[in-house]
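*Asks:* Fold the following.
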Amino acid sequence: MQRAGLQLPARSTGPERSKEGPMHKSGFVLATVLLALPLATTVAENQTASQQGYVFRLDVRRVPVDIVVMDKQGNPVHGLTKKDFIVKENKKTQSILTFDYFDGSAPGFLSPKLPPLPTDTFVNLPREPERGPLYILYYDMVNTAQTDQMSFHRQLLEFVDKAQRGTRMALFVNADGLHLVQGFTSDHTLLRAAILSKGPGPHLPDVFLLGDIFGYDDPVAAMSNMKFLAEYMSGIPGRKNLLWLSGVFPVPVGPTMTGKSDLGTTRTVFFSGRGFPGTTPEINDWSSQQKEMLRETYAAMMRSQIAVYPVDVKGIVTDNDPLDFVANGQYADAIAEATGGKAFYGNNRVNELLDKALVHGENYYSLSYAPTHTKYDGLERHIEVTLAKKSGYTLNYRQLYYSVPDDETQVEHKPKTSQARALAAKAADTLYANIEHGAPMLHDLLFSAHLRAVGAPRLATAEQMQTLEDSPAYFRTRRKDAHPKPLKPVKLQKYVIDYDVFDPELKQLAVRKGQTAMLEFAAVAFDADGVLINSILNEGIASTDANPDGKFGSLFLCEQELEVPSRAAYIRIAVRDRLNDRTGTLEVPLPLKVDVAAAAVAKDN
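*Replies:* Numbering: from 1, shown residues only. As a prediction, the model looks like this:
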């Protein structure tokens, strides 16, 4: 295996500018062109902003539809072809443009067995064979009764312990805010540890007592969280199954209807194309007031290919009004039908419901079509999928989307907020979606990285503080009208990252295409709450000359520096081959093991 050195810039990757020469591995000499700039600042080159705010557009000319097909026994149906499916939008037949099938019951990526790695050396290969789509475990404690929280905590652990090995899951909790507790991982021991963790950092409280204060049964709060989760997943391809673990599901699908039920009581029910059984229905004014939020939420979920699986964690409750149980089931069913998922409720063994939800969404057909109705008026479009000359099968798929036009604001955030910058970057470049805290590991391009802390933390200079202030979200709590005073210095820790990148295609592809052989190296630091606090993007350009033996090098070595505030809790790194967009990512928790061991020794002494 041939080796090549990739030099990185004389400018360091943190807020500090290094006065030293180019960094490189000794013994490997290759001509390189070196570029470096903070990752966050490159967003401005790829985004369009108006004076009112950042504008993001949804192109609905290609509508993705994922379809779960089950037989009468509840088993996934394999072997169907493109010709078996008939797709209609608003009752008009559509032409299927793309078609594929994904079998999540078999491993999709098998990792080779690795030897023991040196301390603080990491490889972007999973410990377990990865399978199925991505699963988001969204534990909504705000909308779950306190008594149900205590019993569900144990059942959630049982579910994680028994879940099929290799299933990639992330855990979010909605309590005093929406928090990422554990990023996507196929290592379920990490999920178990996250569930049991008591902090510091985001964790599951044993019982959350303030649901009424933080938005219990509030549709606006619930939609805001759903929209955020969809935006978090934007830019990452493929289906994502969102398991909404809650006691109530206050997200509307269509108009709000109020009517007198057959039992003589008044109920409000959200529905999509289905009337509420009762008399004298009226249109509630709520839906018109919140139409934009409703449309943005469902458009964001369609764009990110999110199917919602509401899972009722309260089980069977015998002393409640039976209409409450029926209505909650209607809400759950309507949300699932609208997004392509399936609702699960009515079982005190909630871990069994979770098992069923996991299995239901792992096998699916994925297709897309271009709507024949080309007027994008922002209204609902209803999708109907059937099977030609086949019966006895159950189909679950997204049944509606909102036809947001290209020139209409899809999501608008205030300028200079972290969410605005992140969404703009994701729309322009896939790298930014994959560098997000907690995003799935990528291994299209394989590499190892050794991290080490250099020296003790030291106070930042005024120039370094200015650079940190300009990074997204670092000081997002500062008021715009506040007087610009110099910020108090914070302590910075320097980290050095040594990369070994295996890319046998880089040089050969560059020669064939007559293009530059370039690798990108990105390093991003986050605090415990997932807030980006510093970042860097380096571009290493290698010579395309062959080695003396006539072979092209395939292993590239380089070194990168990053200085971060001492409160950093994670460093996420990515390597990308610019010629074909193959990317590898991994995430490292801080402090490093060497630092933990050194601290323990110092404490003992």
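
*Asks:* Count residues in the vicinity of Asn516, would you?
*Replies:* Just so we're on the same page, residue 516 is Thr rather than Asn. 13 (other CB atoms under 10 Å). Bear in mind the C-beta positions are built from the backbone N, C-alpha and C, glycine included.

*Asks:* Setting aside sequence neighbours, what's the nearest residue to it?
*Replies:* Leaving aside its chain neighbours, Thr516 sits nearest to Ile541 (5.6 Å; criterion: CB to CB, 6 or more residues apart in numbering).

*Asks:* does Pro250 really touch Gly211, like I thought?
*Replies:* No - look at Pro250 against Gly211 with CB atoms under 8 Å: they stay out of range, at 11.7 Å.

*Asks:* quick one: contacts of the longest strand seen in the chain?
*Replies:* Taking DSSP state E as the criterion, the chain has its longest strand at strand 446-459. With CB atoms under 8 Å, 6 or more residues apart in numbering as the test, strand 446-459 has contacts from 117-118, 120-125, 489-502, 561, 566, 571, 573, 575, 584, 586, 588, 591-592, 594-595.

*Asks:* Repeat the analysis, applying 6 Å as the threshold.
*Replies:* For strand 446-459, contacts defined as CB atoms under 6 Å, 6 or more residues apart in numbering pick out 120-123, 489, 491, 493-502, 566, 573, 575, 584, 588, 592, 595.

*Asks:* of those residues, buried ones?
*Replies:* By neighbour count, with 16 or more other CB atoms under 10 Å, the contacts of strand 446-459 hold 120, 122-123, 493-501, 573, 575, 584, 588, 592 as buried.

*Asks:* now, which of these lie within strands?
*Replies:* Among the buried ones among the contacts of strand 446-459, DSSP E puts 122-123, 493-501, 573, 575, 584, 588 in strands.

*Asks:* one step back: what is the mean pLDDT for the longest strand of the chain?
*Replies:* Across strand 446-459, pLDDT averages out at 94.

*Asks:* Check stretch 172-187 too.
*Replies:* Here the average pLDDT along stretch 172-187 is 95.

*Asks:* quick check, distance from that stretch to the centre of its chain.
*Replies:* Distance of stretch 172-187 from the chain centroid (CA atoms, centre = their mean, to the nearest Å) equals 11 Å.

*Asks:* Please list the outside residues in contact with that stretch.
*Replies:* When contacts are defined by CB under 6 Å, 6+ apart, stretch 172-187 is touched by residues 126-128, 130, 138-142, 166, 168, 170-171, 191, 194, 202, 204-205, 208, 225, 438, 440, 530.

*Asks:* Could you give me the ChimeraX syntax to select whichever of these are buried?
*Replies:* Only the buried entries of the contacts of stretch 172-187 go into this ChimeraX selection, using 16+ other CB under 10 Å:
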select :126,128,130,138,139,140,141,142,166,168,170,171,191,194,202,204,208,225,438,440,530
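
*Asks:* Just the contacts of stretch 172-187: which are in strands?
*Replies:* Going by DSSP E, the strands hold Glu130, Tyr138, Tyr139, Asp140, Arg168, Ala170, Leu171 from those.

*Asks:* dump the residue contacts of the third one.
*Replies:* Going back to what we said before, that points to Tyr139. Tyr139 touches Val173, Leu245, counting by CB under 6 Å, 6+ apart.

*Asks:* mind listing what the residue positioned nearest the centre of the chain touches?
*Replies:* Geometric centre of the chain, nearest residue: Met233, 3.3 Å, by CA atoms, centre = their mean. Counting by CB under 6 Å, 6+ apart, Met233 touches Lys240, Ser304.

*Asks:* what do you get if the cut-off is 7 Å, keeping everything else the same?
*Replies:* Lys240, Ser304, Ile306 (CB atoms under 7 Å, 6 or more residues apart in numbering).

*Asks:* rewinding a little: looking at the ones in strands among the buried ones among the contacts of strand 446-459, spot the one nearest Asp429.
*Replies:* Nearest to Asp429, judged by CB to CB, of those is Val575 at 14.7 Å.

*Asks:* all helices for this protein, in order.
*Replies:* Assigned helices in the chain, in chain order: 146-162, 188-196, 219-232, 286-289, 291-303, 322-339, 350-360, 418-428, 430-434, 462-470, 506-513, 593-604 (criterion: DSSP state H).

*Asks:* Generate TSV for those helices, with distance to Phe109 as supplementary columns.
*Replies:* As requested, the helices of the chain are exported to TSV (distance: least, CB to CB, whole Å):
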stretch	distance to Phe109
helix 146-162	21
helix 188-196	16
helix 219-232	22
helix 286-289	43
helix 291-303	25
helix 322-339	26
helix 350-360	18
helix 418-428	23
helix 430-434	15
helix 462-470	37
helix 506-513	21
helix 593-604	26
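
*Asks:* Out of these, which is closest to Val87?
*Replies:* helix 291-303 (14.7 Å).

*Asks:* how far is the closest one from where the chain is centred?
*Replies:* The mean C-alpha position of helix 291-303 is separated from the chain mean by 17 Å, CA atoms, centre = their mean.

*Asks:* Using PDB, write down the CA coordinates of it.
*Replies:* Taking C-alpha atoms only, helix 291-303 is exported to PDB below (Å, rounded to 0.1, in the frame of the first residue of the first chain):
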ATOM      1  CA  LYS A 291     -51.600  27.600   8.500                       C
ATOM      2  CA  GLU A 292     -48.000  28.500   7.800                       C
ATOM      3  CA  MET A 293     -46.600  26.500  10.700                       C
ATOM      4  CA  LEU A 294     -48.700  23.500   9.700                       C
ATOM      5  CA  ARG A 295     -47.500  23.700   6.100                       C
ATOM      6  CA  GLU A 296     -43.800  24.300   7.000                       C
ATOM      7  CA  THR A 297     -43.800  21.400   9.400                       C
ATOM      8  CA  TYR A 298     -45.200  18.800   6.900                       C
ATOM      9  CA  ALA A 299     -43.200  20.200   4.000                       C
ATOM     10  CA  ALA A 300     -40.000  19.900   6.100                       C
ATOM     11  CA  MET A 301     -40.900  16.300   7.000                       C
ATOM     12  CA  MET A 302     -41.600  15.400   3.400                       C
ATOM     13  CA  ARG A 303     -38.300  17.000   2.200                       C
END
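
*Asks:* Quick check: buried residues in that helix?
*Replies:* Under the neighbour-count criterion of 16+ other CB under 10 Å, helix 291-303 has Leu294, Arg295, Glu296, Thr297, Tyr298, Ala299, Ala300, Met301, Met302, Arg303 buried.

*Asks:* For that helix, name the packing helices and strands.
*Replies:* Under the contact criterion of 3 or more CB pairs under 7 Å, 6 or more residues apart in numbering; DSSP states H and E, helix 291-303 touches helix 219-232, strand 400-402.

*Asks:* Could you name every residue contacting both of Pro250 and Gly211?
*Replies:* Asn143.

*Asks:* distance of the residue lying closest to Asn348 once chain neighbours are set aside from Asp333?
*Replies:* Spatial nearest neighbour of Asn348, excluding adjacent residues (CB to CB, 6+ apart): Gly315 at 3.6 Å. As judged by CB to CB, to the nearest Å, Gly315 and Asp333 stand 17 Å apart.

*Asks:* quick one: pLDDT of Met1?
*Replies:* 35.

*Asks:* circling back: now tabulate the ones in strands among the contacts of stretch 172-187 in CSV and tack on distance to Lys88.
*Replies:* Output for the ones in strands among the contacts of stretch 172-187, formatted as CSV (distance: CB to CB, whole Å):
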residue, distance to Lys88
Glu130, 35
Tyr138, 31
Tyr139, 36
Asp140, 34
Arg168, 33
Ala170, 34
Leu171, 37
